[in-house]
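Asker: sequence and predicted structure, then a few things I'm wondering about:
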Number of protein chains: 4
Amino acid sequence: MCGIIGVENTSQAAALVGAGLITLQHRGEESAGVTFSGVENMRTLRCMGLASNIFNDDMLTKKCARASIGHVRYTTSSKSSLINAQPFQMSCIHGRIAVAHNGNITNFLQLKETLEKRGDIFTHTSDTEILLHLMAMSKSGTLSKIVGEALKQLDGAFSIVVLRGKTLVGARDKNGFRPLVLGKIKKSYIIASESVAIEALGGNYIRDIMPGEVIEIEQGEIKSSFEYTKEVNQRTCIFEQVYFSRADSLAFGKTVKEARVQMGMLLADQMKEICKSADMVIPVPDSGFYAAQGFSRRSKIIFEMGFIRNHYVGRSFIKPLQALRDLTAKLKLSPIKEVVKGKEIILIDDSMVRGTTSKRIIAALKKAGARKIHFALSCPPIIAPCYYGIDTPLKDHLIAANNSIEQMRKYLGVDSLTFLSLQNLIDSCQGNGGKNCFCCACFNGKYPTNISKLSFKTT
Amino acid sequence: MCGIIGVENTSQAAALVGAGLITLQHRGEESAGVTFSGVENMRTLRCMGLASNIFNDDMLTKKCARASIGHVRYTTSSKSSLINAQPFQMSCIHGRIAVAHNGNITNFLQLKETLEKRGDIFTHTSDTEILLHLMAMSKSGTLSKIVGEALKQLDGAFSIVVLRGKTLVGARDKNGFRPLVLGKIKKSYIIASESVAIEALGGNYIRDIMPGEVIEIEQGEIKSSFEYTKEVNQRTCIFEQVYFSRADSLAFGKTVKEARVQMGMLLADQMKEICKSADMVIPVPDSGFYAAQGFSRRSKIIFEMGFIRNHYVGRSFIKPLQALRDLTAKLKLSPIKEVVKGKEIILIDDSMVRGTTSKRIIAALKKAGARKIHFALSCPPIIAPCYYGIDTPLKDHLIAANNSIEQMRKYLGVDSLTFLSLQNLIDSCQGNGGKNCFCCACFNGKYPTNISKLSFKTT
Amino acid sequence: MCGIIGVENTSQAAALVGAGLITLQHRGEESAGVTFSGVENMRTLRCMGLASNIFNDDMLTKKCARASIGHVRYTTSSKSSLINAQPFQMSCIHGRIAVAHNGNITNFLQLKETLEKRGDIFTHTSDTEILLHLMAMSKSGTLSKIVGEALKQLDGAFSIVVLRGKTLVGARDKNGFRPLVLGKIKKSYIIASESVAIEALGGNYIRDIMPGEVIEIEQGEIKSSFEYTKEVNQRTCIFEQVYFSRADSLAFGKTVKEARVQMGMLLADQMKEICKSADMVIPVPDSGFYAAQGFSRRSKIIFEMGFIRNHYVGRSFIKPLQALRDLTAKLKLSPIKEVVKGKEIILIDDSMVRGTTSKRIIAALKKAGARKIHFALSCPPIIAPCYYGIDTPLKDHLIAANNSIEQMRKYLGVDSLTFLSLQNLIDSCQGNGGKNCFCCACFNGKYPTNISKLSFKTT
Amino acid sequence: MCGIIGVENTSQAAALVGAGLITLQHRGEESAGVTFSGVENMRTLRCMGLASNIFNDDMLTKKCARASIGHVRYTTSSKSSLINAQPFQMSCIHGRIAVAHNGNITNFLQLKETLEKRGDIFTHTSDTEILLHLMAMSKSGTLSKIVGEALKQLDGAFSIVVLRGKTLVGARDKNGFRPLVLGKIKKSYIIASESVAIEALGGNYIRDIMPGEVIEIEQGEIKSSFEYTKEVNQRTCIFEQVYFSRADSLAFGKTVKEARVQMGMLLADQMKEICKSADMVIPVPDSGFYAAQGFSRRSKIIFEMGFIRNHYVGRSFIKPLQALRDLTAKLKLSPIKEVVKGKEIILIDDSMVRGTTSKRIIAALKKAGARKIHFALSCPPIIAPCYYGIDTPLKDHLIAANNSIEQMRKYLGVDSLTFLSLQNLIDSCQGNGGKNCFCCACFNGKYPTNISKLSFKTT
């Protein structure tokens, strides 16, 4: 998963993009990058780790930027390295262009093969590079047309921001898998993966960029087109609301937090029998927080913090503590004995992928004295890998793809195991207005696009 | 404020101390340090910033440590530098000794003057250095006696751990201002500022080290003495429970979290009239969380997360964003419009020192559309500086020392302003068992020790 | 200017390449890079500054490399950045290929325009990137043919090493502007810019790679071809021997040191009249050392070290001492008063480009008390820019292109100014065997290739 | 060995000290430090490695320094760490004082024991710390008296600079083992280990500080005293001229370079027989350079550079190349085959300590084809350890202390081995004026001070 952002029409563009990346940091902690274009040149800064590392004096003090785009990257892949940190910048017949991408181009391997045959070279190991080649080969003139011509050839999921000189382009695939929103700060437009970036920068959210839409902005003027694809067919990733998006981001007119509270409420409805004897509802922090809150409100069972999460135990910490590996999990999440001892507990998390983390958390809770544990997830079992940008593993490693509910319950060692039903999840995620269509492929295996054996998966 | 820890009788002592510092990190993010003693030598590693930076291969992979102590330091003072990072290590007639200290020696300046007159030198700018000199001048033999002879001469607050060879000493001042607890991991004893460090390392909490107690541990054998002072007089810092300690730490037989929930309940009792019309209770994250939870439980008013705190916006982030200073607060704490718009809100925080942060948070809440705001603090007004280790500023900068409640209410721009009464605070902090005595000097100006004009304050 | 090296057929290839770069460091201090290919993958490490920074554990301890190439880069251009550090690595229809290049492709701009028209993208700002594109477009199979097909289209100067899997290719342009030599260490072949790299690694120099030659080596087997160009026409850069190459490198069967000593001897012959009254010969360290030695031997005038060069004053030092800029030159080169006071001195340097450094050195010598200074250069006046890889500036900044000898003498403030004649320089550089042809364009303006207004110059 | 410097009466004091350290860098590459005192405070910056690392903005751009001292440290000891980097700064009854020291206090252990008995603490592992304690215990008022009272109690070798506020003190032990000179830059006095520091900073050398002298300087006014010791007895270290001092430093009215040339001349006189058949004189670069030059001048045998030294192979390089350890020496010093092949060579170095380096260099020369090698040293055999600051090893590791000349000749594998006689060395080092007395203890075992078994040796 990744986060992207673009800002135009201000000499503070690069600084705003940098600050915006920090609000999108939850979408990727592996690497960060900012491209900014001034009067004469275009420059890209990239770093491993958190976006706060990217800031340098040029970006902040010199008024060199008129427009800027940025990217944060997440990957569990071992190919993690600076070479794949985005934005990607290139020089071609259309001048200097930079791109930042969130998603996954499923026909990357086919396209790469074709381009290699004509003599093209690849210097990254990421699917995003194909976009640069296709843009460079376009015969069009305006940036939005160049982008559109390239996107036309892509399958899969992509929300992108593109920068050339003063011009900023934002676009979304025809299914609208990944989010992309439009906002305004004073005279500048801003495009970002989530509305929180716009809010935090002091701007106002305007609207979502639509599936299949390409927006071109230059010096405060905006043009929209839906030309590059004819078969717009909304299939927004429902897992964004379950797990990925920040709680205060908007989706379909309500906050993600609200959707999560509702998931918890409907989960409580599914578990009425269990609720009768339970002493308390406890979230796995921070992922199960809002669902647990909703569960407690609906069931009237008391909400308790049964774990303390140590926010100082970050990614960077994993390496130094290799010698104490078994301690790391404990340092990160501590059960509170005094809260849980002797209690019958409903433990809520957002989702379960491999099951290993859940098993460890449950074991800790039991060791701390919990008498009974009912484990509940605010989404259905994940039974199929994601080809659209979420780094779920292949089928073999998905616990729910290979085990019955009862088998999983035994594996986890809990007294009961409940998943939110898909219908309840969809109902929770629907906005107040009309009906939206979601991609639920990870829950039901129905992929909105063709997935052949050759389909490229980034992770 | 600072956090300290010591581990003995294991070749993993240094690694455990390092891991333990991460659980005590909330007590100080400025610098960290670890001293470990092996068969022949003693070595101290120190770093600026988070404790996770301290780890090095020697500490983790070589089995060179038999005992170890560590320290995390907090200061808002501009004299922040590596030279003052602890532990302090020295060589003297008693051999190599290292010390880590939490607290504030109020007669430091008098003692320093005396020692300088006899020709002593000082290489740090911290009060802790005086301890090294007094130990070096002791005529005693055992480490606990050396330490006791030094402590006898000190006024003020000090919880300390001391290391010499295989021997670990822990001690607390006669008032017991700062916490210090004892635990055990397998065959090793552990001494730490808070019980969470013991729990997270997989050990068991045994008991608090008592005011005026000196404990000496060597290879799993423990000796306690109360010899160095005759006038033991418990005055434990109550502000530890309001703000400083981690929620899952134990104090007087219950968790700090429990005390904070109770503060919120009693605050609700104080605000019955206001509760009648309020729509929701909102905590300032993360500091007001548990009090708000207690408030909601007692008042039955719905608990809502009205702000999202971005945990990626840390201390290290402040410098790069100088150019965007007004953005930094916003990036750290974002109000959620959709939650607060048009609502009458009870906003809960733990305490208010200068008032500037509270004012900014309240302004953000109003801008997000809150109709009415009742601001409530889970402690009384802070009217006097702390001389015992908390970095509250001098009287001139304490908002409550210089303004009436009504003046503060106007300054903050809220509809009402309520402080928990001191009696309610004390009641909340009492353990289940007998009666404990607290230092409430910051709330009532009654200092348990003599505070002359010469009294040393570290910050 | 740059230095390149390649090693094959050993698991220590990457380590040897790294060590070899240190012997070629005089050819470029700006950045360094190493590419190594193991069983499955190819990896490139690059750094700014000295080659000693490049070493990492993977390169040295894991036996992951079967073949490796490396590069050190020199540039005075402000576009200095990691993005242009070589080797360049790419993936294309022929697999993963890496290239390191010394020289300057003069028709780069024309080729780039052509390729951009067909839709190619460029991610560096260096002429070397064009080579990657041309190789990727080749229809050939073997690496040497792929390389040959690409080189066929290039004008200008290039010595290159290319790596694919276990295969190492080395090639030189048809004029042989830049040096490239072949050697062997045990069962491994080595290709390097200068013979010193081979010697220092414990190998044996075999022969120069010839102008127009492409050599392909795989697992100790070597194939040579001269197919890619028909008009081989040796024009080896004579300035390599004047200045660039290390003194102990071989050129045409003798050491560069020997050639430089001979330049000094012939210079002495040109200055017989002046020699009559001179007290001593002094080199500008370290550049004038060997010519001064030769001068002294021929003229019998005593050789003295009149300056001490401080080897600690490196490139990295320039920035910190900005506040003391006038001191930096002094710290680097100190005249010895006691040696030069009251003396008539013959001061020898290798060459003069802008004249500013010479002027400063001469001023320091006069201030130290020299009575008379005769300044002599072991090459002719530089009157034309180099398009073949030496970073001489454009004509406007070449002192000798814009001033008569007498004007330069006055500008420098010396009593006489002598340049080695071109014929004497050529005679000094001729090897013991037959006649070699040199490029002397910087001295006589006769470029061996077409130089149009569009010709690309890297610096 | 170490280098020290002090500058006063200028706002650029810290910058000048930093630059001066670079000219003294040959006296120690392990660590560097600068202390500067402004209007209110005193600050010390220290770093591992080269002095160029020490520079920071505060030191260079702010005009905060009125006076400053600096230090570069050399040690082969494994106790190398930042804790021992000087200057040492302390606060005591006399205020804030900093000290930088070159030499070795032989009665350190006795003094330390005494001070520990009275309760003093030690935080470094260096003998210099004793000085701080003794100054702190002084009852005197002026800085020079405080220093004098401390020095009175010391045995051994010490040249020191001391800083308090605007006051700079320089002092030398009664034997004058280590050099210390006085100079002036505009209105500022400068004290430094060698005259080169003064010259390079644009100042003028005034005179040597005398054995037993204490100089106090404040705002351009200078006071000298010889009060602290009555038995002044010059015994200047002769090894400074053989090896340690920079060639252009002054010693007794002539340059060190001149003395070294003379050593070579007298060595030639000792080797007349050998000279008859030798083909060339070759120095071990850079240490044997001037002696070889002198040898060549006297013997008329041609001087040749038979080795190239790679100045890029520094201390920092040793670690990364562990895997190629046998290559490191080769990379640093390459024999030139073409020069030495088939030749009878006189190889000159300055001194031989353990013999291992010489053996390796000679082996390389033989491998390069030298027919005969006569090895000559420009000093006598080193038979006794130095207790005065030179890091020669203990007797057991001194090759000449344990072997006859013939045994050493065989060990090295040379055709002859010659040492300069002690008388010839002393004659070479005598200045033009009167007679100076040298410490030649390393050559004759006669220590100018008492050396008991308890004598402290830093390395």
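Answerer: It's in. Numbering: from 1, shown residues only, chains lettered A, B, ... in the order given.
Asker: dump the residue contacts of the residue lying closest to A:S245 once chain neighbours are set aside.
Answerer: Of all residues not flanking A:S245 in the chain, A:V256 sits nearest, at 4.6 Å (CB to CB, 6 or more residues apart in numbering or on different chains). No exception for glycine: its C-beta is placed from N, CA and C like everyone else's. Counting by CB atoms under 8 Å, 6 or more residues apart in numbering or on different chains, A:V256 makes contact with A:240-241, A:245-250.
Asker: so where's the stretch 51-200 of chain A shaky on pLDDT?
Answerer: Within the stretch 51-200 of chain A, the stretches with pLDDT under 70 are A:60-64, A:75-80.
Asker: can you give me the helices in it?
Answerer: Remark: helices assigned in the stretch 51-200 of chain A by DSSP state H, counting those that start in this stretch are A:57-60, A:108-117, A:129-137, A:143-151, A:195-200.
Asker: let's have the ones you listed in a markdown table, adding mean neighbour count and distance to D:I308.
Answerer: Listed next are the helices of the stretch 51-200 of chain A as a markdown table, based on neighbours: other CB atoms under 10 Å in any protein chain shown; distance: least, CB to CB, whole Å:
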| stretch | mean neighbour count | distance to D:I308 |
| --- | --- | --- |
| helix A:57-60 | 16 | 41 |
| helix A:108-117 | 17 | 46 |
| helix A:129-137 | 24 | 45 |
| helix A:143-151 | 23 | 55 |
| helix A:195-200 | 27 | 58 |
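Asker: wait, which of the ones you listed is closest to chain C?
Answerer: When the helices of the stretch 51-200 of chain A are compared by CB to the nearest CB, helix A:129-137 sits nearest chain C, at 3.2 Å.
Asker: can you tell me the SS state at the closest residue to A:P381 other than its chain neighbours?
Answerer: Nearest non-adjacent residue to A:P381, counting by CB to CB, 6+ apart: A:A400, 3.3 Å away. Following DSSP: H, G, I helix; E, B strand; the rest coil, the label given to A:A400 is helix.
Asker: how near is A:A400 to chain C?
Answerer: Counting by CB to the nearest CB, to the nearest Å, the separation of A:A400 from chain C is 33 Å.
Asker: same check, this time on A:V414
Answerer: From A:V414 to chain C the distance is 42 Å (CB to the nearest CB).
Asker: tell me the pLDDT at that residue?
Answerer: The model reports A:V414 with a pLDDT of 98.
Asker: my read is that it contacts A:A376, right?
Answerer: No: using CB atoms under 8 Å as the test, A:V414 is too far from A:A376 to be in contact (9.6 Å).
Asker: now the residue with the largest distance to the centre of chain A: how far from chain D?
Answerer: Here chain A reaches farthest from its C-alpha mean at A:G342, the gap being 37.9 Å by CA atoms, centre = their mean. As for A:G342, its distance to chain D is 52 Å (criterion: CB to the nearest CB).
Asker: ok but that residue is inside a strand, no?
Answerer: No: checked against three-state DSSP, A:G342 lies outside a strand; its state is coil.
Asker: who are the contact partners of A:I190?
Answerer: By CB under 8 Å, 6+ apart, the neighbours of A:I190 are A:5-8, A:16, A:20, A:182-184, A:197-198, A:201, A:203.
Asker: rewinding a little: pick out the most distant pair among the contacts of A:V256.
Answerer: The span of the contacts of A:V256, defined through CB to CB, is set by A:E240 and A:D248 at 13.7 Å.
Asker: if we can go back for a sec, okay, the closest residue to the residue farthest from the centre of chain A other than its chain neighbours: pLDDT?
Answerer: Leaving aside its sequence neighbours, A:G342 sits nearest to A:R371 (CB to CB, 6+ apart; 5.3 Å). pLDDT for A:R371: 98.
Asker: for the closest residue to A:R118 other than its chain neighbours, give its distance to chain B.
Answerer: Closest residue in space to A:R118, ignoring its immediate chain neighbours: C:M137 at 7.8 Å, by CB to CB, 6+ apart. As judged by CB to the nearest CB, C:M137 and chain B stand 44 Å apart.
Asker: correct me, but C:M137 touches A:I121?
Answerer: No: in this structure, C:M137 is not within contact of A:I121 by CB under 8 Å, at 9.1 Å.
Asker: now the stretch 351-459 of chain A against chain C: closest residue?
Answerer: Taking CB to the nearest CB, the stretch 351-459 of chain A has A:F456 as its residue nearest chain C, at 14.5 Å.
Asker: quick revisit: want to throw the contacts of A:I190 into TSV with distance to chain B?
Answerer: Shown next, in TSV, are the contacts of A:I190 (distance: CB to the nearest CB, whole Å):
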residue	distance to chain B
A:I5	13
A:G6	17
A:V7	12
A:E8	17
A:L16	8
A:G20	9
A:L182	17
A:G183	13
A:K184	16
A:A197	10
A:I198	11
A:L201	7
A:G203	11
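Asker: select from these the one having the most neighbours.
Answerer: With neighbours taken as other CB atoms under 10 Å in any protein chain shown, the top of the contacts of A:I190 is A:V7, carrying 36 neighbours.
Asker: number of residues surrounding the residue nearest to A:P381?
Answerer: For A:A400, the neighbour count with other CB under 10 Å is 23.
Asker: just the strands in the stretch 51-200 of chain A please.
Answerer: With strands called from DSSP state E, counting those that start in this stretch, the stretch 51-200 of chain A shows them at A:67-73, A:88-92, A:95-105, A:156-164, A:167-172, A:181-185, A:188-192.
Asker: and the angle for the second one with helix A:143-151?
Answerer: Taking axes from the mean of the first three to the mean of the last three CA atoms, to 10 degrees, strand A:88-92 and helix A:143-151 form an angle of 100 degrees between their directions.
Asker: quick one, strand A:88-92 and strand A:67-73 angle?
Answerer: Going by the same axes, to 10 degrees, strand A:88-92 makes 130 degrees with strand A:67-73.
Asker: just the last one next, same as before
Answerer: When the same axes, to 10 degrees is applied, the directions of strand A:188-192 and strand A:67-73 differ by 20 degrees.
Asker: dump the C-alpha coordinates for strand A:188-192 into CSV.
Answerer: Extracted in CSV, the C-alpha atoms of strand A:188-192 (Å, rounded to 0.1, in the frame of the first residue of the first chain):
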residue,chain,number,x,y,z
SER,A,188,-3.9,26.0,-4.5
TYR,A,189,-5.5,22.7,-5.4
ILE,A,190,-4.4,19.6,-3.6
ILE,A,191,-4.8,15.9,-4.6
ALA,A,192,-4.3,13.2,-1.9
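Asker: hang on, the earlier thing: how about the contacts made by the residue nearest to A:P381?
Answerer: Applying CB under 8 Å, 6+ apart to A:A400 gives the contacts A:352, A:381-383, A:408.
Asker: now do the same end-to-end measure for stretch A:293-310.
Answerer: Stretch A:293-310 has an end-to-end distance of 20 Å (CA to CA, to the nearest Å).
Asker: quick check: mean pLDDT of that stretch?
Answerer: 96.
Asker: that one near chain B at all?
Answerer: Yes: contact of stretch A:293-310 with chain B (CB under 8 Å from any CB of the partner chain) involves A:293, A:297, A:302-303, A:305, A:308, A:310.
Asker: could you identify the helix or strand that succeeds the helix ranked longest in chain A?
Answerer: In chain A, assigned by DSSP state H, the helix with the most residues is helix A:256-270. Remark: after helix A:256-270, the chain's next helix or strand is helix A:272-275, criterion DSSP states H and E.
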